[in-house]
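Participant: Just the structure for this:
(chains A and B)
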Amino acid sequence: MNAIFYIAAAVAVVATVMAITQRNAVHALLYLIVSLLSVALVFYTLGAPFIAALEVIIYAGAIMVLFLFAIMILNLGPQASEQEGQWLRTSVWVGPGVLAAILLAELIYVLVRSGGPGSPVSPVGPQEVGFALFGRYLIGVELASILLLTGLVGAYHLGRRERPEEDRPQEAERREAGEAG
Amino acid sequence: MATVPVEHGLILAGVLFTLGLIGVLVRRNILFILLSIEIMLNAAGLAFVVAGAHWVQPDGQVMFMFILAMAAAEVSVGLALLLQVVRHFRTLDADAVDEMRG
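Facilitator: Here you go, the predicted model:
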């Protein structure tokens, strides 16, 4: 099982690097799906099979399909990847990349140094997760449902097309008032 | 199951988070910025699950589910905003949206 963890971790890191350096949006999306699937494998080896299933279904399934629909609606042409190539010059990514790498090196140093002898991880089954989720964290579930409803209403409001006058009664009223005055 | 040291799981989460951070900082395409935010959220969830497995508590996995719900809500609103930006400015450049006009 240890070897599976390390192989899946390496695949996840490589796929994520490919995802953030691609010029074509759909290629980046496919690499990100590979990365998410390997993270799901990491979850499975860490003893969280239910979370691994959720990662595949919701992240790699629902959220990535949402991105795919957005790309299809945008209908990016071949000039979009040329534009990306112009934006992704070496001088642009060296600065933030080096600074973020320094932060990562510090993080790894702190983790390795303070950890001492590595303590193994133990599996936690879905039953315990369910008891905790609908017991202690019930208010969190309610809040998550409100958040999802807010996201639904917000996405509907933001995503609709602007229509001419009759759909915007307030502006029409304002204009009429201005004409009258 | 596996006997992976908890540090290695946390290091993997840190590496993935840093890659997402680099993506947010470097890319100018709003679509790629949203993708990188997803990478960062996923890495944060991975850290929660690793910590939960370390202390043999279900709380880490519960937190991952909340992060999942938050990511779904965030990406739907973010992509709706992205479509509006493309409709108004005819570009995916994040720098095109830096003007605040009333």
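
Participant: ok, A:Ile20 - contacts?
Facilitator: For A:Ile20, the contact set (Cβ atoms under 8 Å, 6 or more residues apart in numbering or on different chains) comprises A:28, B:19-20, B:22-23, B:26-27, B:32, B:35-36, B:39. (Each C-beta comes from the backbone N, C-alpha and C, glycine too.)

Participant: Quick one: the strands in chain A, in order.
Facilitator: With strands called from DSSP state E, chain A shows none.

Participant: what about the residue in chain B positioned nearest to chain A, how many residues close to it?
Facilitator: Nearest residue of chain B to chain A: B:Pro5, at 2.5 Å (Cβ to the nearest Cβ). Per other Cβ atoms under 10 Å in any protein chain shown, the neighbour tally for B:Pro5 reads 19.

Participant: Pairing partners for it in the sheet, please.
Facilitator: Beta-bridge pairing of B:Pro5 under DSSP bridges involves A:Pro120.

Participant: which stretches of the chain have low pLDDT?
Facilitator: Just so you know, I chose chain A. A:115-120, A:162-181 (pLDDT under 70).

Participant: To clarify, I was referring to chain B.
Facilitator: Low-confidence segments of chain B (pLDDT under 70): B:1-2, B:100-102.

Participant: The same query, at a cut-off of 90, please.
Facilitator: For chain B, applying pLDDT under 90 flags the ranges B:1-9, B:27-30, B:51-57, B:83-102.

Participant: Tell me which stretches of it form helices.
Facilitator: Along chain B, the segments classed as helices by DSSP state H run B:6-26, B:30-54, B:59-89.

Participant: Make a markdown table out of those helices and add mean neighbour count.
Facilitator: Formatted as a markdown table, the helices of chain B follow (neighbours: other Cβ atoms under 10 Å in any protein chain shown):
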| stretch | mean neighbour count |
| --- | --- |
| helix B:6-26 | 22 |
| helix B:30-54 | 23 |
| helix B:59-89 | 20 |
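
Participant: Out of these, the one nearest A:Glu82 is which?
Facilitator: Between A:Glu82 and those, the shortest separation by Cβ to Cβ is 15.2 Å, and it involves helix B:30-54.

Participant: Also compute the angle for that closest one relative to helix B:6-26, please.
Facilitator: Taking axes from the mean of the first three to the mean of the last three Cα atoms, to 10 degrees, one finds helix B:30-54 and helix B:6-26 inclined to each other by 170 degrees.

Participant: is helix B:30-54 up against chain A anywhere?
Facilitator: Yes - applying Cβ under 8 Å from any Cβ of the partner chain, one finds helix B:30-54 touching chain A at B:31-32, B:34-36, B:38-39, B:42, B:46, B:49-50, B:52-54.

Participant: Domains of chain A: list them as residue ranges, please.
Facilitator: Under automatic domain parsing, the residue ranges defining each domain of chain A are A:2-124, A:137-181.

Participant: now, of these, which is deepest in the fold?
Facilitator: Of those, the one with the most neighbours on average (mean count of other Cβ atoms under 10 Å in any protein chain shown) is domain A:2-124, at a mean of 17.

Participant: Check the offset of that one from the chain's centre.
Facilitator: Between the centre of domain A:2-124 and the centre of its host chain there is 9 Å, according to Cα atoms, centre = their mean, to the nearest Å.

Participant: what's the span of that domain from first residue to last?
Facilitator: Length of domain A:2-124, first residue to last, Cα to Cα, to the nearest Å: 17 Å.

Participant: for A:Val129, what are its contacts?
Facilitator: Counting by Cβ under 8 Å, 6+ apart, A:Val129 touches A:50-51, B:58, B:61-62.

Participant: could you dump stretch B:3-18 to PDB, C-alpha only?
Facilitator: Presented in PDB, the C-alpha positions along stretch B:3-18 are these (Å, rounded to 0.1, in the frame of the first residue of the first chain):
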ATOM      1  CA  THR B   3       1.600   2.900   7.000                       C
ATOM      2  CA  VAL B   4       2.500   6.200   5.400                       C
ATOM      3  CA  PRO B   5       4.000   8.800   7.700                       C
ATOM      4  CA  VAL B   6       1.700  11.700   8.200                       C
ATOM      5  CA  GLU B   7       4.500  14.100   7.200                       C
ATOM      6  CA  HIS B   8       4.500  12.700   3.700                       C
ATOM      7  CA  GLY B   9       0.800  13.200   3.200                       C
ATOM      8  CA  LEU B  10       1.100  16.800   4.500                       C
ATOM      9  CA  ILE B  11       4.100  17.400   2.200                       C
ATOM     10  CA  LEU B  12       2.000  16.200  -0.800                       C
ATOM     11  CA  ALA B  13      -0.800  18.600   0.300                       C
ATOM     12  CA  GLY B  14       1.800  21.400   0.600                       C
ATOM     13  CA  VAL B  15       3.200  20.700  -2.900                       C
ATOM     14  CA  LEU B  16      -0.200  20.600  -4.500                       C
ATOM     15  CA  PHE B  17      -1.200  23.800  -2.700                       C
ATOM     16  CA  THR B  18       2.000  25.600  -3.900                       C
END
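
Participant: Good, we can wrap up now.
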